[in-house]
Structure formats: C-alpha cells, structure tokens
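Chemist: pasting the sequence and the predicted coordinates here, then a few questions.
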Amino acid sequence: MIQVNLSAGSDYRPGWYNLDIVAWPGYQPPDIYWDGERDPVPFEDDSVEEFYLGYTLLHIRPAYRGKLLAEVLRALSPTGFVTFREVAMDSVMMEWLIEPSQRTSELIWGELGSVHGP
C-alpha cells in the first residue's frame, strides 16, 4: 500500500513516502524532494491508497492549487482517500495579533516561511 505525505516538513511519517521542497533543519529530510507548484505527484495513476496534505495548501499559491489537486486525484486509487489539515486561521491569527512574539506565527506562515516568494 502506498501512503504519501505531501509537504512533510517536521511531520516525517515512517513507512510513508514523505515529500517536501526542502529539508527542514533538525528533522528527517524528505524521501523525495518535490515542489507542489511545479512538479507532478511522482506516482502512477490510481496507485496511492492514502494522501496526507498537512498544511500543504497554505503554502501553494492559489493559481497552482487546482493543478495540485488534479495530480492528487490522478494518483489516488479508486479505494483511496485524502486527508487535509489546514490552519484555523481565525484563532491563530487572533493569538498572533495579540502577542506577535509568540510562536503562533509558525502555524500561519510555516516553520521556514515560503520558498516561493510573495
């Protein structure tokens, strides 16, 4: 069974294919270096049983999200499933506005920020 963790970052999952655009300092590097805005999902059609997208869409510019989701659907097996997790921006942003020095900004912008620019 193929399980794929897109944008693994600090959430390396043993037994899964962990993809990310960079290696995060202090964490296991990704199994596959992958840019969600530029690269196709590197798996055959209908081959992936499970995708996990944890805070992935937050780091993909809107113009590229449709292409990425089409790639996920292409590689997803007919019996497979996708899990999405994203930031509860309303609560995290409020915490950050009250106390910007808190590490909640990492939840908003990601531990390393965007490698794609504005």
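Modeler: The structure has been received and is ready for your questions.

Chemist: poorly predicted segments of the protein, please.
Modeler: 102-118 (pLDDT under 70).

Chemist: thinking residue 37 is in contact with residue 62, fair?
Modeler: No - when contacts are counted by C-beta atoms under 8 Å, residue 37 is not listed as touching residue 62 (10.7 Å). Any C-beta I mention is one placed from the backbone N, CA and C, and that applies to glycine too.

Chemist: higher neighbour count, those two?
Modeler: residue 37 (15 against 7; other C-beta atoms under 10 Å).

Chemist: which SSE is the more buried one in?
Modeler: Applying DSSP states H and E as the criterion places residue 37 outside every helix and strand.

Chemist: apart from its chain neighbours, what residue comes closest to it?
Modeler: Using C-beta to C-beta, 6 or more residues apart in numbering and skipping residues adjacent in sequence, the residue nearest residue 37 is residue 64, 4.3 Å away.

Chemist: what's the first helix or strand after the lengthiest helix in the chain?
Modeler: Longest helix of the chain, by residue count under DSSP state H: helix 62-75. Later in the chain than helix 62-75, the nearest helix or strand by DSSP H and E is strand 76-85.
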